[in-house]
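Undergrad: kindly generate the corresponding structure for this input.
(2 chains)
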Amino acid sequence: MAKKKIEPHPMENILRMDRIPHIWCPACGIGTAVTSFASALEKLKVNLDEVCVVSGIGCTGRVAGYTKVDSFHTTHGRAIAYATGVKLGNPKMKVIVFSGDGDIIAIGGNHFMHAARRNIDITVICVNNFIYAMTGGQVAPTTPLTAYATTSPFGNIEPPYNIPRLAEACGAVYVARWTALHVRRLTNSIVEAIQKPGFSVVEVISPCAQYYSRINRLGDGLDMMRFYHDNAVIKHNEPTENLDIDYQKQIIMGKFIDREKPTYIERYNEWLSESKPKKK
Amino acid sequence: MKANSKGVLTGTHNLSGNEAIIEGAFAAGCRFLGVYPISPSLEATDRFLQRSGEVDATFVQMEDEISALAAVLGASWTGKKSMSVTSGSGLSNMMEHIGLGIMLQTPCVIVNVQRTGPSLGIPNGVAQGDTMQARWGSHGDYETIVLTPNSPQECFDLTIKAFNFSERFRVPVLLLTDAYIAQKKTLVKIPPTKDLKLISRKLFKGAKNKYLPYKNDKNLVPPMVNVGDGYRFHVTGLTHDERGYPVMTSECQEACVRPLMEKITKYQDEIIEYEEVETDDADVVVISYGATSTVVSKAISLAKKDGIKVGSFRLITIWPFPEKRVRKLAQKIDAFVIPEINFGQIAFEIERCAAGNCNVFFVPILGGGLPTPEDICKSIIKASKEKKKIEKLIEL
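TA: Take a look at the predicted model:
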């Protein structure tokens, strides 16, 4: 019998194959987001030596461990702050913060706000599964009102953050939102976000079959995908104030913000060259 | 005032401790400061900014001390010698990233200009209350290096040493000063560049696919690479193997964490530095560090007038603690007297090392200001009169 040739994995250049299988549950959307990210890097034809992924803690926080680029799995909520140091230390790097909603918006909310205001040239890919999954399904700052979680057993009583609105208000230059079903558009947005000088944010609405949809009895991953298919609508340039996500209601997706602002490094270098001692 | 091409301000200058630290940092090759403003460390940041155009340094003021140290760690991985400057409660905020710095083995220097506590305390009050926080503040097991200068000149010298240790051992190194040392101005001599002994991290030079981020050299320190050099490495704050990949077993915990401590303890004789004056035939030895040590010499000369044989032992490195030497001293003297601007921190470490071989008298000072030589002298006299051996720490 002829020896069967094993086809190489199409993304083995970008993923750490020695770490596969990954830890994510069946029907999780993080893998889809990583695939979109990998496709985006391929499309961009960037030198992968000049890409750096920084993650925080949580399910999405594990992304750094699977991407075959310089990658850091850091402390909870601080990936953006860490990435700020990497970018300022070596401005030629394309620095991507890949982490979850709890990591970036709750414990790391302050760093998100200030990195956007500072307009540090990094891209944040925020996988939003509406819940803390790694720790067992606690309520997150993105959990829709009335949804159940282990720490909201009577239904969530805290209004959630609308991530694109927060990003816009804080100064982000590029803001988009897609679901884990809309991979082609998500990939295109990641391409644009990485190319954009300044602080760019791509929110990825992702199913969490193990916690969010199980606790709320929303079915399995496929049911969540069907829900996205039936309820997610594309409205580019929609004012971000309309982008709140209510429990099991319409999800508005698209590219909402794309604007020009000088980055921190541009402004800093300008100041630095002015403050250099003048040659006589 | 003109620095040479390497950023070294060779010559003699009138500098505060805070300013001398920044000159030491520039001389050591530091080119990144991530900071959050807090008294009494502010002059250091001002100095860094005044000179950053000249030396091409990068600066960022972050939104808190947590992110300031995170940025420092990130910048350090790009190959830049990096530092942060803070004070008291700011150091408390930095603890999670001191832990990450230890775990990722990231060289950096943290300057902590101590202020009184708990909490906000007196912002510009002289204090020495962070010696234990500096050693034990982050959770888990680790060893760290902490230096305590007692003059602006030593601020300059020890900052260079701090960078050298941090680069050699791949560890965050702390420099503990206080409002008195940080803000008093004296002449500081900065040597020519060729006389500076500088150490930089050992970089991995092997093939791109052969790099293992945590494969230790024989000195227990793994060679490092820079972000962007093409090694495409992964590192994590989780317990990890040589590849930098997380492994959740007690065997890996042993293999990962033990060398983090042993790389320091193994070389502690090369790290530890102290200054002894007339301890050979002393009955009483005063142990001090930082601001209190500037008062001790006056107190000792007062006590000598009473005929007491008293010597001085000044800690320059407080962690790792000079345990061997203190144990030896304890066997031949009657008592240690320890004035500290806190309610007993290093005193307990000394009591542990004395192990009942001599009396240990502790002079707690409330903080906010310096003790007077007379206060310390009184304690020395009291200690010298105690003939009986008391097997516990005695507060004077």
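Undergrad: and chain A, is the helix ranked longest in chain B touching that?
TA: If you go by DSSP state H, chain B has its longest helix at helix B:152-169. No. Helix B:152-169 stays clear of chain A (C-beta under 8 Å from any C-beta of the partner chain), getting no nearer than 15.2 Å. Placement of C-beta: from N, CA and C, glycine included.
Undergrad: check which residues of that helix are buried.
TA: Buried residues in helix B:152-169, defined by neighbour count with 16 or more other C-beta atoms under 10 Å in any protein chain shown: B:152-169.
Undergrad: helices and strands around it, which ones?
TA: strand B:11-16, helix B:17-28, strand B:81-86, strand B:108-114, strand B:145-147, strand B:172-178, helix B:179-183, strand B:185-190 (3 or more C-beta pairs under 8 Å, 6 or more residues apart in numbering or on different chains; DSSP states H and E).
Undergrad: now the longest one: average pLDDT?
TA: When you say that, I think you mean helix B:17-28. Throughout helix B:17-28, pLDDT has a mean value of 98.
Undergrad: any idea of the angle the longest helix of chain B forms with strand B:108-114?
TA: Relative orientation of helix B:152-169 versus strand B:108-114 (axes from the mean of the first three to the mean of the last three C-alpha atoms, to 10 degrees): 140 degrees.
Undergrad: which stretches of the stretch 1-150 of chain B form helices?
TA: B:17-28, B:42-55, B:65-76, B:89-104, B:131-136 (DSSP state H, counting those that start in this stretch).
Undergrad: actually, chain A.
TA: Under DSSP H, chain A gives helices at A:30-44, A:79-89, A:101, A:109-118, A:163-170, A:183-195, A:212-215, A:221-231, A:264-275.
Undergrad: make a markdown table out of these and add mean neighbour count, distance to chain B and mean pLDDT.
TA: Below are the helices of chain A laid out as a markdown table (neighbours: other C-beta atoms under 10 Å in any protein chain shown; distance: least, C-beta to the nearest C-beta, whole Å; pLDDT from 0 to 100):
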| stretch | mean neighbour count | distance to chain B | mean pLDDT |
| --- | --- | --- | --- |
| helix A:30-44 | 21 | 12 | 97 |
| helix A:79-89 | 30 | 3 | 98 |
| helix A:101 | 29 | 19 | 97 |
| helix A:109-118 | 22 | 4 | 98 |
| helix A:163-170 | 22 | 11 | 98 |
| helix A:183-195 | 20 | 16 | 98 |
| helix A:212-215 | 19 | 25 | 96 |
| helix A:221-231 | 15 | 25 | 95 |
| helix A:264-275 | 14 | 3 | 94 |
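Undergrad: got TSV for those, with distance to B:N216 too?
TA: Conversion of the helices of chain A to TSV gives the following (distance: least, C-beta to C-beta, whole Å):
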stretch	distance to B:N216
helix A:30-44	31
helix A:79-89	24
helix A:101	38
helix A:109-118	32
helix A:163-170	42
helix A:183-195	36
helix A:212-215	42
helix A:221-231	43
helix A:264-275	35
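Undergrad: hmm, back to that, and the helices of the stretch 1-150 of chain B as TSV, adding mean neighbour count and distance to B:I272?
TA: Output for the helices of the stretch 1-150 of chain B, formatted as TSV (neighbours: other C-beta atoms under 10 Å in any protein chain shown; distance: least, C-beta to C-beta, whole Å):
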stretch	mean neighbour count	distance to B:I272
helix B:17-28	29	20
helix B:42-55	20	26
helix B:65-76	30	25
helix B:89-104	22	19
helix B:131-136	20	14
